[in-house]
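K.L.:
pasting the sequence and the predicted model now:
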Amino acid sequence: MNFDLSDDQRAAAAGAREFFTDSVPLSAARAALDGGGVPAPGRKALADIGFLGITVPESAGGAGGSVLDLAVVAEQAGAVLAGPSLVTAARAAVLLEGAPDLAAQLADGSAAIAVLDGPVTGSAPSIDAADATVFLGLDGGALVVGEGEVTPGRPLDATRGLARVRLTSRRVLAEDAGALWERARQVAAVVLAAEDLGAADRAVLMGVGYARQREAFGRLIGSYQAVKHMLVDAWVGVDQLRSLVWWAAWAADSAPDELPLAASAAKAYAAEVSERAAETVVQVHGGIGFTWEHDAHLYWRRAKTDRLLLGDAAEHLDAVARLAVAGALG
Amino acid sequence: MDFDDTPEEASYRAHVRSVLTDRAADLLHVAPGEPVDARSREAELRATQRVLAEAGLVGVTWPREYGGQGGTLVQQAIVAQELARARVPTLINHIGIGMCGPTVIAHGGDDQRSRYLARLLRADDVWCQLFSEPASGSDLAALRTSAVRDGEDWVVNGQKVWTTLAHVSDFGILLTRTDPGKPKHAGLTMFVVDMHAPGVTVRPLRQMSGGSDFNEVFFDDVRIPDAERLGEPGEGWRVALTTLMNERVAIGGAGGDIGQSAEALAAHARERLPGLDPEPQVLARQAVGRALVASLATRYTGYRRFTTLSQGGVPGPEASAGKLGGTAAARLVADAGVRLLGDDAVLGATADGDDTWQRAQAYVPGIAIAGGTDQVLRNILGERVLGLPPEPRTDKTAPFSSGGRR
């Protein structure tokens, strides 16, 4: 057994961490929320460094990498609340397996692609749709691509670029695409869980850092077990989430039969873990953590949004139970 | 990344499997989850371990010079997996193999090693670990059992508790206070004690779950020769840390399940879900899903730790997270299992007498206490992994006899 990243994946994670740290100030997430900016680093920068094409085949201009390769980068993107999401890149790369031209445009960023959840005649709020111009959707079992009328609502987390879309044109890319669509959604759930992992990890570290310097009643607050144990529980969740994300990403590449259960397990756990981490970081900071200018609420917003995207915990827990009962654990 | 055996591991696994098949007639087998009472099945359990020892499957990671196989933690895990697969119960001397023996190896004299270790591996002697006391559980260093030097002997008085297997044990490693004038950690000394010596009284404890896995052990003027000391007088805490570190390896969770497995819950759900009304069925499925996710999260985290070990890493304090996660998962798994019983959930067993899930449920509170309470584990993780400051303490420097306070 070797349940660990490869040296290449570790190096990729370190490189991604540097890229995102340099190109995404947290102030960008707040500015986008204030209506004064767009998510950083933005689609072009992500395309230029190759992150939008990690799982796009080399023949279509991508890197031909694995979902796990993408997940380790997505974790770093999540840590700084980067946008647009690598969830879209991962999901579209699966959907465009039979459309290399569009896949190439996804990878090089020349097409601003988003994937729609719900009916194409009026979608649910969908990730990165707010500034997209090309939309992929499922229409009567067929995979379609088209242009659309975009209606962003007031954002809870502006880095997610959520918008409702009504397709105004549509072209069929593949008939009977239900299975493909489902697999793409599972891969997307894994990558969303990876971004949540990065965000939750960063939130916990932020709380730990504060607990190591803030004093109350003559002591550092991190010495109080009430505070310490809250942070530990959040950290243990993050540590365990990393294991599920790796497993699910590995399954996407190497054990397709395990993907549905693993993806749902990772997504359900991510919802719970990132929410707990975000609520913990606010609580540990006390009053300052409840202010607009503090970064804690940016992680809280991400958690409260992501937990419901691509299926909430109830949906995925139900899927895990159904799959296990049907024999998916062997 | 992969979850497969290497060719070497696969061939070792095949070897283990063939031994377990060839010697099946000489081994005790039990149903999954079936409780095994050490007292009533002592002879079979000892015989089973002896057969396995002769086949080289006991003390896999122990050095060869002490009767072990000089093998790896991976091989040890493979043996454990194959024993579970073959439904051979936990070795009767698991405390001895995992904790007492390694402590004797690290701190015992050559004479002790040659007298004890080979017999321990064959279960000729069963061992127990005499650490906890009524007034020192999590705060182990507060223990009061005293050992006073008298000529070539030490005279021991006091009481131990929660001693797994003491009622079938021949020897134990015993942590005592030899110098109450020193601070609590500095005045301790470790011994090997003969459990059949005059003055040793063992009384089984009955747990809230109904079974009796633990004992209280009383020492009344028990004489221990100085030659049975492990480490120097006053060095007992350091010796005990060797034992506890080995305990961490033993229960830190290298992918093994604490309590009922995810597969067992899935099988139970397959059988029971259809019998529930539609609305409770939805809720039960949520509980099952949540428990399975927690169980799998712990399992795959164990695989990560295990990979670290197999690459030559040493188990660190983060192993405490494995137990914490495992306990949380065991709680959810047991609860989901009980919920699935429908009306029978309020009874101690189903109509056909099956109490698998009720038993699992009643065992959970013990899991959250034994081998490090959830709260102590959180302190360890908070301080040693996250770097949070410790609680201020007044008991570390004052003489123990002063009550630990300045």
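P.N.:
Now that the structure is in, tell me what you want to look at. Since this is a predicted model, take the numbers as computed values, not measurements.
K.L.:
briefly note if stretch A:50-58 comes near chain B.
P.N.:
No. Stretch A:50-58 is not in contact with chain B by CB under 8 Å from any CB of the partner chain; minimum separation 16.0 Å. In this view, the C-beta of every residue, glycine as well, is placed from N, C-alpha and C.
K.L.:
how far is that stretch from where the chain is centred?
P.N.:
How far stretch A:50-58 lies from its chain's middle: 16 Å, per CA atoms, centre = their mean, to the nearest Å.
K.L.:
what's next to it, contact-wise?
P.N.:
A:16, A:43, A:46-47, A:60-67, A:69-70, A:73, A:77, A:86, A:89-90, A:93-94, A:96, A:100, A:103-104, A:106-109 (CB atoms under 8 Å, 6 or more residues apart in numbering or on different chains).
K.L.:
of these, buried ones?
P.N.:
Neighbour-count burial (16 or more other CB atoms under 10 Å in any protein chain shown) applied to the contacts of stretch A:50-58 gives A:16, A:43, A:46-47, A:60-63, A:65-67, A:69-70, A:73, A:77, A:86, A:89-90, A:93-94, A:96, A:103-104, A:106-109.
K.L.:
where does pLDDT dip in the stretch 1-150 of chain A?
P.N.:
Under the criterion pLDDT under 70, no range of the stretch 1-150 of chain A is flagged.
K.L.:
show me the strands in it, by range?
P.N.:
Using DSSP state E, counting those that start in this stretch, the strands of the stretch 1-150 of chain A run over residues A:113-115, A:134-139, A:142-146, A:148-151.
K.L.:
taking chain A, what residue is nearest to chain B?
P.N.:
A:Leu317 (3.1 Å; CB to the nearest CB).
K.L.:
how about the nearest residue to that residue, chain neighbours excluded?
P.N.:
Nearest residue to A:Leu317, sequence neighbours excluded (CB to CB, 6 or more residues apart in numbering or on different chains): B:Gly289, at 3.1 Å.
K.L.:
just say which of the strands of the stretch 1-150 of chain A is most tucked in.
P.N.:
Comparing the strands of the stretch 1-150 of chain A by mean neighbour count (mean count of other CB atoms under 10 Å in any protein chain shown), strand A:113-115 comes out on top with a mean of 28.
K.L.:
name the helices or strands packed onto the helix or strand containing B:Leu332?
P.N.:
Element membership for B:Leu332, per DSSP states H and E: helix B:319-339. Helix B:319-339 is packed against helix A:225-254, helix B:236-251, helix B:262-272, helix B:278-310, helix B:356-367, helix B:374-380, with contacts defined by 3 or more CB pairs under 8 Å, 6 or more residues apart in numbering or on different chains; DSSP states H and E.
K.L.:
now with 7 Å, please.
P.N.:
The contact analysis (3 or more CB pairs under 7 Å, 6 or more residues apart in numbering or on different chains; DSSP states H and E) places helix B:319-339 against helix A:225-254, helix B:262-272, helix B:278-310, helix B:356-367, helix B:374-380.
K.L.:
for the stretch 101-250 of chain B, give me the ranges with low pLDDT.
P.N.:
Confidence mapping of the stretch 101-250 of chain B against pLDDT under 70 gives the ranges B:248-250.
K.L.:
what residues does it have near chain A?
P.N.:
On the criterion CB under 7 Å from any CB of the partner chain, chain A has no neighbours in the stretch 101-250 of chain B.
K.L.:
and A:Asp4, what is it in contact with?
P.N.:
By CB atoms under 7 Å, 6 or more residues apart in numbering or on different chains, A:Asp4 lies in contact with B:1, B:304, B:307.
K.L.:
which residue does the stretch 251-400 of chain B bring closest to chain A?
P.N.:
B:Gly289 (3.1 Å).
K.L.:
that residue against A:Glu315, yeah?
P.N.:
No. With contact defined as CB atoms under 7 Å, B:Gly289 does not count as touching A:Glu315 (9.7 Å).
K.L.:
when the two are compared, which one has more neighbours?
P.N.:
Between B:Gly289 and A:Glu315, B:Gly289 has the larger neighbour count (other CB atoms under 10 Å in any protein chain shown), namely 29 against 16.
K.L.:
the residue of the stretch 101-250 of chain B found nearest chain A: what's it in contact with?
P.N.:
Among the residues of the stretch 101-250 of chain B, B:Ser138 lies nearest to chain A; the distance is 12.3 Å by CB to the nearest CB. Contacts of B:Ser138 were listed using CB under 7 Å, 6+ apart, and they are B:373, B:376.
K.L.:
so which residues of the stretch 151-300 of chain A form strands?
P.N.:
A:164-167, A:171-174, A:215-216, A:219-220.
K.L.:
nearest spatial neighbour of residue 67, chain-adjacent residues omitted?
P.N.:
In the absence of a named chain, this looks at chain A. A:Ala252 (3.9 Å).
K.L.:
hm, I was asking about chain B
P.N.:
Per CB to CB, 6+ apart, closest to B:Gly67 is B:Ala118, 4.5 Å.
K.L.:
mind listing what's buried in the helix or strand containing that neighbour?
P.N.:
In this assignment (DSSP H and E), B:Ala118 forms part of helix B:110-121. Residues of helix B:110-121 classed as buried by neighbour count (16+ other CB under 10 Å): B:112-113, B:115-121.
K.L.:
follow-up on the earlier one: pretty sure the residue nearest to A:Val67 sits against A:Pro260.
P.N.:
No. Using CB under 7 Å, A:Ala252 makes no contact with A:Pro260, being 10.3 Å away.
K.L.:
ok, the two, which is more surrounded?
P.N.:
Neighbour count, other CB under 10 Å: between A:Ala252 and A:Pro260, A:Ala252 has more, with 27 against 20.
K.L.:
what's the span of stretch A:251-261, first residue to last?
P.N.:
In stretch A:251-261, first residue to last residue: 10 Å (CA to CA, to the nearest Å).
K.L.:
kindly report the same for stretch A:102-121.
P.N.:
22 Å.
K.L.:
what does the stretch 201-330 of chain A have sitting close to chain B?
P.N.:
Applying CB under 7 Å from any CB, we find that the stretch 201-330 of chain A lies next to chain B at A:208, A:211-212, A:219-220, A:222-223, A:225, A:228-229, A:231-232, A:235-236, A:239-240, A:243-244, A:247, A:250, A:265, A:268-269, A:314, A:317-318, A:320-322, A:324-325, A:329-330.
K.L.:
now restrict those residues to buried residues only.
P.N.:
A:208, A:211, A:220, A:222-223, A:228-229, A:231-232, A:235-236, A:239-240, A:243-244, A:247, A:250, A:265, A:268-269, A:317-318, A:320-322, A:324-325, A:329.
K.L.:
isn't B:Asp395 up against B:Lys184?
P.N.:
Yes. B:Asp395 lies in contact with B:Lys184 (CB under 7 Å); the separation is 6.1 Å.
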